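Chemist: Have a look; sequence and predicted model below, questions after that.
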Amino acid sequence: MHDASSLSPLIHVVDDDEAVRSSLALLIGTVGLRVQTWPAPEDFLAGFDPDSVGAVVLDVRMPGTSGLTVLETLVARGVDQPVIMLTGHGTVDLCRRAFKAGAAEFLEKPVDDELLLEVLQKAVRRHVGTRARHVADRTARQRYGQLSEREREVLGLIVEGLTNKEIARALGLSPRTVETHRANLFAKLETGSLAQLIRHYARLVEEGEAP
C-alpha cells in the first residue's frame, strides 16, 4: 500500500555542485513539487525508484559517470520518467546527443527559473498522464482476458458497427443471445458507453492484445 506522498510527483536533482542542488531544490519546491537531491550519479542510479512519478533534472558534466551515461542507463532500464539535462558548457553536438539519447529537454546554465519550472511542470503533467493511460490499458487488458471466445467475437463485430441482428446472422445466433453477450460484455469490461467500449478495444488492437 502506497501512502499519499509516494504517489505525488517527485523531482530528482542530480548534480555534483551542492550550491546548485540546494538552489534547484528550493526553486522546485516553490511550485509544490517534492524534490530529492543526489550529489553522485552512481548513488542516484542505485537508489532511484523507476515506479515513481515525476522527472529527473540531470547535470551533463559530473566527475565519474557523466550525465549522458546516466541518461543512457535510464533508457536502457526502460525508465519512463522525463529527463531534463542541464549544462554550463552547451554545444550543438552535446544538445543533439542528449536528445538522441532520450532527453526530454536540454537547458543551459545559469537556467532561467521560470523556464525550468515551466519545462518541469509540463514534463510532470505528461508523465502523470502517461502513467494513467498505462493503468487504464492494463485494466482493459485484464478485463478483456475475462471474456469468452464468443464474447470476443461479438465485441469485434460491435466495434465494426454491426447491429445485434446483423451480428446474430453473422454468428448463427438468435438476437436475444447476442443481446445477452452484449450485456455481459459491458458488465465484464465495466464500460458505460459504446464509445468507451470502442476506445478500449482500439487500444487493445493497437497493442496486439485483441484481433
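Modeler: Yes, it's here.
Chemist: now the most far-flung residue of the chain relative to its centre, nearest residue through space, not along the chain?
Modeler: Centroid-distance maximum for the chain: residue 174 at 43.3 Å, with C-alpha atoms, centre = their mean. Using C-beta to C-beta, 6 or more residues apart in numbering and skipping the chain neighbours, the partner closest in space to residue 174 is residue 168 (6.0 Å). All C-beta spots, glycine's among them, are computed from the backbone N, C-alpha and C.
Chemist: Next up, identify which helix or strand that neighbour is on.
Modeler: helix 164-171 (DSSP states H and E).
Chemist: So for that helix, what gets flagged as buried?
Modeler: Neighbour counts over helix 164-171 (16 or more other C-beta atoms under 10 Å) mark 164, 167-168, 171 as buried.
Chemist: can you check stretch 134-150 too?
Modeler: 137, 140, 143-144, 147.
Chemist: what is the rounded mean pLDDT of that stretch?
Modeler: Stretch 134-150 comes out with an average pLDDT of 81.
Chemist: what's the answer for stretch 66-73, then?
Modeler: 93.
Chemist: same check, this time on stretch 114-130
Modeler: So the average pLDDT for stretch 114-130 ends up being 93.
Chemist: ok, and what's touching that stretch?
Modeler: Residues from elsewhere that reach stretch 114-130 (C-beta atoms under 8 Å, 6 or more residues apart in numbering): 9, 11, 24, 27-28, 30-31, 33, 53-55, 57, 80-82, 84, 104-105, 107.
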